[in-house]
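S.K.: the sequence and its predicted three-dimensional model are supplied below.
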Amino acid sequence: MNRTTKISLAVVIGLVTASIGWFAFKKTTPQNDNVVIRELESTAPTQWELAKKLTGRDILEEESVKLELIRSVQSSGGTTSLQALLANNIDVCSESAWPAWINVIARGGKIKALLDICVTTKDNEGGQQGMLVLDDSSIHSIKDLPGKRIAVNVLGAESDYVIRHFLKKNGLSISQVELVVVPLEQQEQMLRSHQVDAACIGRVAFDMTLASGGVRQIPGTTNYETKGESVMSGLGFRNDFIEKHPDAVRRYIRAYDISRRIIYSEFQKDPQRVRKAYADISVEKGSNPVVAKYFRATLWNPDFPFIVDKDIQWWINRFVDDGLLKLGQLKPSDIYTNEFNPLYKKK
C-alpha cells in the first residue's frame, strides 16, 4: 500500500468514525431541548413569577422549560382549559378538578393528569369553597334549595357535581334547582343584586365575598363536608404530547413542583411577604392587587405529594350512581399517573 492510499484510507476511516460518533451523540442527546410548551396566559401571578419574585430564581430557565403563553377569549375554569387542551390550542392544562377530567376521558379524550394541585383537608378547605347566600335569604339549609337559581363558574366541573351530590344526600335532585353559568369574578355581584339566589364560590373569591359582609355559608356545602380529605384537582397533558416529548414534560412538572415548594416554604416563614410579592406582580400585570390579601399557598399541601386512586374513585362512583358512567367503564389509572412526579421514584 503506497503513501497516497494510506492517507486516503485514513481520511475515510476518520470520516466514518466521526459520522458514527455524531449519530451516537445525536441518539443520546435529548430531543426535547427546543420544545415549546403552550399554556394559557394568566392575568393573575403565576407560580413561575411568584417564585422568581421571592427568590430571584428563574425556575423555568433552570429546568430548560420554554413556554408560549396563549390568551384565552373564554371564561376561566378547568373545563375551559381541558377544552383548549383537547383542541390542541395548548399543550398543558395547569389545573382542572376531577369531574372535568373524568367527563373528557369517558368521552374518548386522550389526556392524562400528571400532578396533584389542590388539596382539601379538615384544617384547610382547599382555599375554601362553598355555597353562599345573602344574610336575608330564605335559604338556611340544603333542603331550602329547590326552585332556586345557583351561580356556578362552569357546567361539568366540580361545583356542578358537588351540588348534585349534596342535593342527593338530602333527598333532592339536580332537576329541582337551576344552575346559572356566571364567570367567577361576577358571581358576587349577581348574588348581591338578587339575580341568583345562591353562588357556589371557591377559593379567593369565597374569602373576598365573606370579608365584604352581608353573606353567609350554607352548612354542608364545602368540599370537605361533601367528600372529606382529598386531592381535588390535577395538572396534565395530552397523551400524544407526553409520548412525543416525555423529557420536556418531566422538566415542566419538575419546574412546577420546585416553584410551588418555594412559594409554600416562603409562605410558612412570612405570609405577608409572599402576599406583597403577589400584589406587586398583580400591579405589573394590570390585575387586581387586592386579591393578594387573600392569597394562600396552602391550597397545595406537601403532605399529599401524589394523586391516589381513592380521590378519583370517589368521583367515578358518583358518576356511576348518577348514571353518567357505566360500572367498570373507567378506573383511576385511566385518569392519572404519578410517573412524571419527581418524587415518585423515591417513594
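M.R.: Ah, there it is. Numbering: from 1, shown residues only.

S.K.: got any ranges where the stretch 101-250 of the chain has weak pLDDT?
M.R.: For the stretch 101-250 of the chain, applying pLDDT under 70 flags the ranges 124-128.

S.K.: now do the helices in it.
M.R.: Listed from the start of the chain, the stretch 101-250 of the chain has helices (DSSP state H, counting those that start in this stretch) covering 158-169, 184-192, 203-211, 223-227, 239-244, 246-269.

S.K.: need those helices in a markdown table (columns: mean neighbour count).
M.R.: To be clear about C-beta, it is placed using only N, CA and C from the backbone, and glycine gets the same treatment. Below are the helices of the stretch 101-250 of the chain laid out as a markdown table (neighbours: other C-beta atoms under 10 Å):
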| stretch | mean neighbour count |
| --- | --- |
| helix 158-169 | 21 |
| helix 184-192 | 18 |
| helix 203-211 | 19 |
| helix 223-227 | 20 |
| helix 239-244 | 16 |
| helix 246-269 | 20 |
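
S.K.: any chance of those helices in CSV, plus distance to residue 41?
M.R.: Formatted as CSV, the entries for the helices of the stretch 101-250 of the chain read as follows, by distance: least, C-beta to C-beta, whole Å:
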stretch, distance to residue 41
helix 158-169, 23
helix 184-192, 16
helix 203-211, 18
helix 223-227, 27
helix 239-244, 19
helix 246-269, 16
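
S.K.: so which of those helices is nearest residue 325?
M.R.: Taking C-beta to C-beta as the criterion, residue 325 comes closest to helix 158-169 out of the helices of the stretch 101-250 of the chain, the separation being 11.8 Å.

S.K.: can you state the direction angle for the closest one and helix 184-192?
M.R.: Relative orientation of helix 158-169 versus helix 184-192 (axes from the mean of the first three to the mean of the last three C-alpha atoms, to 10 degrees): 40 degrees.

S.K.: returning to that earlier point: out of the helices of the stretch 101-250 of the chain, flag the one nearest residue 50.
M.R.: Taking C-beta to C-beta as the criterion, helix 246-269 is the member of these that comes nearest to residue 50, at 5.5 Å.

S.K.: elements contacting the closest one?
M.R.: Helices and strands in packing contact with helix 246-269 are listed as helix 47-55, helix 59-62, strand 111-116, strand 233-238, helix 271-285; criterion 3 or more C-beta pairs under 8 Å, 6 or more residues apart in numbering; DSSP states H and E.
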